[in-house]
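Undergrad: could you work out the structure for the sequence below:
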Amino acid sequence: MIKMSDLLELAQEAAVEKSSPTENAPDLSYIIPELRPFAISIDILIPDPVNAREHDDLNIGVISDSLRQFGQDQLIVAQKQGMIVRKGNGRLLAARKLGWKYIACVTVDESEVSAVARAIADNRASETSKWNNKNLAAMLAAVKKDAPSISLGWSDAQLKAISEGNKNNKKKAEEKKESSPNPSQALNIQKLSFNLVFETKEQQDKWFSWLRKLKDKHGDLPTHAERVCKFIDEQSTA
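TA: Model (predicted):
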């Protein structure tokens, strides 16, 4: 006969066994949930010893701030042979600076040449893009307004320079637009308009037929007026 005390003891043991994995599980809260299945010990990864991309203290500081605020949301890539990191060396160094024990990583089984080429291509690709200063200034202003405590990698002086630079560019564009005369003003042309009155429909048809012929002959001229003037000039010199 099973005693109630025995059942309670078995239940307690089961509860302990069930809770142990959770209690002993590594802290992956700094990795977004979708990448946690790729988490590995950070100690088995080796920074690229021939990395052509340098990461100074400022760069590592900016990456560290990003990881601290937003967590890891991009996989780093390591060559399976030797577990050498080929993409994400800056993130690896920043993660170690933050004291992370795990990092999300995918390994690629490839030759040394292919691994080096992958690293170079990745770094080069990031170099070929550039900032849209107008959009950047607007986004920075919005973030600083709603979340002033977030670090974005720029100092306050740099943010101010970006904002003022965008305002100055906008002001210059407006001034240039205001100071630029329209074509008629630049050429000092006086615009005239008049109405043609036709006595019969036949006269009207002949007129428009003639305008179409002028357009076919002088299609490089944009207006009827210019084509008519061209016709008059031709008749004068004929």
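Undergrad: do you know how far Asp156 is from Lys144?
TA: Distance, Asp156 to Lys144, by C-beta to C-beta, to the nearest Å: 9 Å. The way it works is simple: take the backbone N, C-alpha and C, and place the C-beta from them, glycine included.
Undergrad: quick one, which of those two is more surrounded?
TA: For Asp156 and Lys144, the more surrounded residue by other C-beta atoms under 10 Å is Lys144, and the numbers stand at 16 against 8.
Undergrad: show me what the lengthiest strand in the chain is packed up against.
TA: The longest strand of the chain (DSSP state E) is strand 102-108. Packing contacts for strand 102-108, counted by 3 or more C-beta pairs under 8 Å, 6 or more residues apart in numbering; DSSP states H and E, involve strand 39-41, strand 76-79, helix 89-97.
Undergrad: what's the mean pLDDT across the shortest one?
TA: Here strand 39-41 scores 97 as its mean pLDDT.
Undergrad: by how many degrees do the helix or strand just after that strand and strand 102-108 diverge?
TA: Sequence order places helix 57-70 as the next helix or strand after strand 39-41, per DSSP states H and E. Computed by axes from the mean of the first three to the mean of the last three C-alpha atoms, to 10 degrees, the angle separating helix 57-70 from strand 102-108 equals 110 degrees.
Undergrad: got the buried residues for the helix or strand where Arg124 lies?
TA: Arg124 is located in helix 112-127, with elements delineated by DSSP H and E. Neighbour-count burial for helix 112-127, counted by 16 or more other C-beta atoms under 10 Å, picks out Ala115, Val116, Arg118, Ala119.
Undergrad: show the contacting residues for the last one.
TA: By that I understand Ala119. Residues in contact with Ala119 (C-beta atoms under 8 Å, 6 or more residues apart in numbering) are Asp48, Asn51, Ala52, Arg53, Arg86, Lys87.
Undergrad: format those as a markdown table; extra columns: neighbour count, distance to Ala137 and pLDDT.
TA: Formatted as a markdown table, the contacts of Ala119 follow (neighbours: other C-beta atoms under 10 Å; distance: C-beta to C-beta, whole Å; pLDDT from 0 to 100):
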| residue | neighbour count | distance to Ala137 | pLDDT |
| --- | --- | --- | --- |
| Asp48 | 19 | 35 | 95 |
| Asn51 | 17 | 33 | 91 |
| Ala52 | 10 | 32 | 89 |
| Arg53 | 15 | 27 | 90 |
| Arg86 | 22 | 35 | 96 |
| Lys87 | 23 | 30 | 96 |
